[in-house]
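[1] Okay, here's the prediction I keep looking at, along with the sequence it came from:
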Amino acid sequence: MKDGKYSKYFPKQFQPETIVDQDGFPVYRRRDNGHTVLKNGIQVDNRNVVPYNAKLLTKYQAHINMEWCNQSTSIKYLFKYINKGYCRITAAIVPNDDGTSNQPQNIDEIKQYIDCRYVSPSEASWRIFSFPIHGRKPVVERLYFHCEGQNLVYYTDFDCINTVLEKPSVTESMFTSWFEANCKYLEAQNLTYSKFVSKFVYVKKKREWKPRQKGYTIGRLIWVPPTTGELYYLRLMLTHIKGPRSYNDIKIVNNVKYDTFRDACFAMGFIGDDREFIAAIKEANHWGSGKYLRLLFVHMLLSGSINRPRHVWSKTCHLLADGILYAQQRIANNRGIIFPIL
């Protein structure tokens with residue numbers, strides 16, 4: 001009970017069979033057989049039973065709640081907790097005033113405020129014994145790409161311009177080395193850029209790709225918004241084009257060379273009727289929250305690049321509304337609230 005009301009959407013409704021609702025959550029069977037129990041002066045029935053697993057309760061002799069989960073959004077839920085950062089506490093330094101001093105004291109509230117990281121005893125022991133903190137398998141490698149002559153070059157304020165231009169990173173990059181590998185290896189011509197790391201390894205010192213001898217890696221193209229123009233359309237082409245040897249090869253569709261990547265995407269059927277914006281929202285849904293998707297949609301509207309905003313909304317409204325219904329259900333403490341999307 002919380003504030004005199006049931007929390008966690010209890011009591012549930014009677015359910016003859018276990019089903020999965022429209023949001024992907026399981027609704028477990030709760031039979032209306034008339035069995036009741038008197039607990040703390042309150043009469044409860046099957047509607048108040050928390051989901052459990054009888055075998056786990058018997059084995060561990062502990063209070064264990066268990067629910068079935070099969071949603072792809074659970075991955076976002078897990079990574080949200082992993083990337084939210086460490087627990088922090090706020091501390092304040094206060095002078096010890098015993099009342100004997102009559103002199104006015106100057107208090108610097110800014111210096112007194114301290115934002116600290118909280119280390120629990122279990123975490124401290126874990127680090128003292130040098131246990132592994134986290135693991136990741138399989139390895140995911142971010143694949144960078146750029147338009148011709150627009151690769152990133154890092155230098156300091158004191159570097160001479162001639163020295164900067166002599167750096168190998170000016171003319172060579174991971175992406176341009178991929179073109180050279182497609183010319184050198186026959187197997188590379190049957191792989192897209194994102195699948196390339198599964199068979200090849202990029203050696204940074206030599207700035208070249210070599211065949212993979214062991215291990216398995218998943219490639220992920222860095223995400224760019226549609227407002228980047230040609231760079232965004234280049235990314236669309238890289239998801240389908242196999243074995244190009246130059247930028248011009250990426251622009252060839254059905255033996256026809258186009259002037260821009262946008263024209264090539266249109267020939268491939270990737271864009272048209274604002275499909276590129278719909279695809280961008282659907283792709284961002286795999287890792288972004290509903291609030292971020294709505295912010296992304298606002299930026300698209302402000303950019304003025306969407307031809308039919310209502311059409312984009314109708315195709316992605318179920319993604320843009322993610323989290324709104326859940327927040328309202330939490331506020332009203334009623335899981336049965338349903339807001340129809342027009």
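    Perfect, thanks for sending it. Owing to the predicted nature of the structure, the values given are computational and were not obtained by experimental measurement.
[2] residues making contact with the longest helix anywhere in the chain?
    The longest helix of the chain (DSSP state H) is helix 290-303. For helix 290-303, contacts defined as C-beta atoms under 8 Å, 6 or more residues apart in numbering pick out 225-227, 277, 280-281, 284-285, 288, 306, 309, 312-313, 316, 319-324. Yep, even glycine has a C-beta here, placed from its N, CA and C like the rest.
[3] Please identify the helix or strand for the residue nearest the centre of the chain.
    Residue closest to the average C-alpha location in the chain (C-alpha atoms, centre = their mean): residue 287, at 2.4 Å. Using DSSP states H and E, residue 287 sits within no helix or strand.
[4] Quick check: closest non-adjacent residue to it.
    Nearest residue to residue 287, sequence neighbours excluded (C-beta to C-beta, 6 or more residues apart in numbering): residue 76, at 6.4 Å.
[5] Secondary structure class of that neighbour, three-state.
    Using DSSP: H, G, I helix; E, B strand; the rest coil, the structure places residue 76 in helix.
[6] What is the neighbour count of it?
    15 (other C-beta atoms under 10 Å).
[7] what about the helices in the stretch 1-150 of the chain?
    With DSSP state H, counting those that start in this stretch, the ranges of helices along the stretch 1-150 of the chain come out as 54-60, 74-82, 109-112, 121-128.
[8] Would you format those helices as CSV with mean pLDDT and distance to residue 258 included?
    Shown next, in CSV, are the helices of the stretch 1-150 of the chain (pLDDT from 0 to 100; distance: least, C-beta to C-beta, whole Å):
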stretch, mean pLDDT, distance to residue 258
helix 54-60, 91, 60
helix 74-82, 75, 37
helix 109-112, 73, 59
helix 121-128, 90, 56
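[9] Now render those helices as TSV, adding distance to residue 184.
    Shown next, in TSV, are the helices of the stretch 1-150 of the chain (distance: least, C-beta to C-beta, whole Å):
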stretch	distance to residue 184
helix 54-60	55
helix 74-82	37
helix 109-112	60
helix 121-128	46
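[10] Of the ones you listed, which is nearest residue 37?
    Nearest to residue 37 among the helices of the stretch 1-150 of the chain is helix 54-60 (16.6 Å), distances taken as C-beta to C-beta.
[11] Name the residues of that closest one that are buried.
    Buried residues in helix 54-60, counted by 16 or more other C-beta atoms under 10 Å: none are found.
[12] Please put the alpha-carbon coordinates of that helix into CSV.
    Extracted in CSV, the C-alpha atoms of helix 54-60 (Å, rounded to 0.1, in the frame of the first residue of the first chain):
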residue,chain,number,x,y,z
ALA,A,54,7.5,-22.3,-7.7
LYS,A,55,10.8,-24.2,-8.5
LEU,A,56,12.9,-21.1,-7.8
LEU,A,57,11.1,-20.5,-4.5
THR,A,58,11.6,-24.1,-3.4
LYS,A,59,15.3,-24.1,-4.5
TYR,A,60,16.5,-20.8,-3.0
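[13] gap between that helix and the chain center?
    34 Å (C-alpha atoms, centre = their mean, to the nearest Å).
[14] With stretch 234-246 instead?
    24 Å.
[15] distance between the ends of that stretch?
    Taking C-alpha to C-alpha, to the nearest Å, the first and last residues of stretch 234-246 lie 12 Å apart.
[16] Name the surrounding residues that touch it.
    Contacts to stretch 234-246, defined as C-beta under 8 Å, 6+ apart, come from residues 145, 147, 179, 182-183, 188-194, 221, 224, 249-251, 261, 264-265, 268, 270-271, 276.
[17] now the stretch 101-250 of the chain, which segments are flagged as low pLDDT?
    Low-confidence segments of the stretch 101-250 of the chain (pLDDT under 70): 101-105, 169.
[18] Show me where it has its strands.
    Along the stretch 101-250 of the chain, counting by DSSP state E, counting those that start in this stretch, strands occupy 113-117, 139-143, 200-203, 208-211, 217-221.
[19] Turn those strands into TSV, including distance to residue 233 and mean neighbour count.
    Shown next, in TSV, are the strands of the stretch 101-250 of the chain (distance: least, C-beta to C-beta, whole Å; neighbours: other C-beta atoms under 10 Å):
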stretch	distance to residue 233	mean neighbour count
strand 113-117	44	10
strand 139-143	17	13
strand 200-203	24	17
strand 208-211	24	16
strand 217-221	13	15
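[20] picking up where we left off before, can you name the element that comes right after the longest helix of the chain?
    helix 309-320.
[21] Can you give me the pLDDT of residue 44?
    Residue 44 is assigned 90 on the pLDDT scale.
[22] what's the answer for the one 4 residues further on, then?
    Turning to residue 48, the model gives it a pLDDT of 89.
[23] Give me the nearest residue to it, chain neighbours excluded.
    Once flanking residues are discounted, residue 48 sits nearest to residue 11: 5.0 Å by C-beta to C-beta, 6+ apart.
[24] wait, what's in contact with the one you found?
    Counted by C-beta under 8 Å, 6+ apart, residue 11 has contacts 44-45, 47-48.
[25] What is the nearest of these to residue 30?
    Taking C-beta to C-beta as the measure, residue 30 sits nearest to residue 47 out of those, at 5.9 Å.
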